[in-house]
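Trainee: What would the 3D arrangement of this be:
(one chain, ligands or ions: 1)
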Amino acid sequence: MIDDAIDHVSVRFMEEKDIKQILLIEQCSFSAPWTSKAYLSELQNKFARYFVLLDQERVIGYAGMWLFAGESHITTIAVHPDYRSRRYGRLLMVTLIEHSMKHNIGTMVLEVRVSNNAAIRLYHSLGFKKIGMRRNYYKETREDAIVMLRHLKEGNETGGME
Ligand SMILES: CC(C)(COP(=O)(O)OP(=O)(O)OC[C@H]1O[C@@H](n2cnc3c(N)ncnc32)[C@H](O)[C@@H]1OP(=O)(O)O)[C@@H](O)C(=O)NCCC(=O)NCCS
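Mentor: Next up is the predicted model:
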């Protein structure tokens, strides 16, 4: 039985020991899942910041971004299918937003598949706006990406959160 209460989970930086559990979520979340090599390389990348969401010891979600030249570029976010629609995706996004603000980042950017309504709604509800399209961005399906951006301002760290 999964507990609905958001305060029963915790967030910390991703570590190498998390990768095995992350790959299981990756496999059921993306049509072109990242490999363990990709995550190992990201954990060595000095511009990258990755977070995991834990239900006790279990990894139930993760998100990451690159911080570079005053901008953060969100690279991934996923929540285990059993834990979706419980506001954990929102919690991970708020973690990225707050971490970016702490590092004086001015804008956050991301790409999302045109068909990914759940993610688009999540980003929109947090103040991200569509600024353009990238045609055939996803190689395996040739699907287009929507590019979304949010400006970060002091005192508005959670955007459209209620
Ligand atoms: C996108 C994803 C991370 C959202 O995580 P989640 O924990 O289910 O989302 P939340 O419960 O925090 O929902 C936050 C908001 O997102 C939107 N949303 C989430 N799931 C949705 C769904 N199935 N349909 C429509 N909107 C949805 C809603 O606006 C929701 O706000 P609300 O609860 O006030 O209605 C999750 O669906 C996922 O892991 N998907 C697979 C990986 C993926 O597509 N990642 C994004 C790549 S760009």
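
Trainee: Name all residues that make contact with Ile120.
Mentor: Shown in contact with Ile120 (CB atoms under 8 Å, 6 or more residues apart in numbering): 112, 146, 148. All C-beta atoms are positioned from the backbone trio N, CA, C, and that covers glycine.

Trainee: Please list which of those residues also come close to the ligand.
Mentor: Filtering those for proximity to the ligand by CB under 6 Å from any ligand atom leaves Val112.

Trainee: Could you measure from Leu91 over to Gly61?
Mentor: Distance, Leu91 to Gly61, by CB to CB, to the nearest Å: 8 Å.

Trainee: Show me which of these two is the more surrounded one.
Mentor: Gly61 (25 against 18; other CB atoms under 10 Å).

Trainee: Give me the mean pLDDT for the host helix or strand of the more buried one.
Mentor: Under the criterion of DSSP states H and E, Gly61 resides in strand 58-68. On average, the pLDDT along strand 58-68 is 97.

Trainee: now what about that strand, what contacts it?
Mentor: 9, 14, 18, 21-22, 25, 42, 45, 47-54, 72-80, 82-83, 88-89, 92-93, 95-96, 100, 103, 105, 108.

Trainee: that older thread, which one of the contacts of Ile120 is nearest to the ligand?
Mentor: Closest approach to the ligand among the contacts of Ile120 (CB to the nearest ligand atom): Val112, at 4.1 Å.

Trainee: show me the contacts for the closest one.
Mentor: Here Val112 is in contact with 119-120, 123, 145-146, 148 (CB under 8 Å, 6+ apart).
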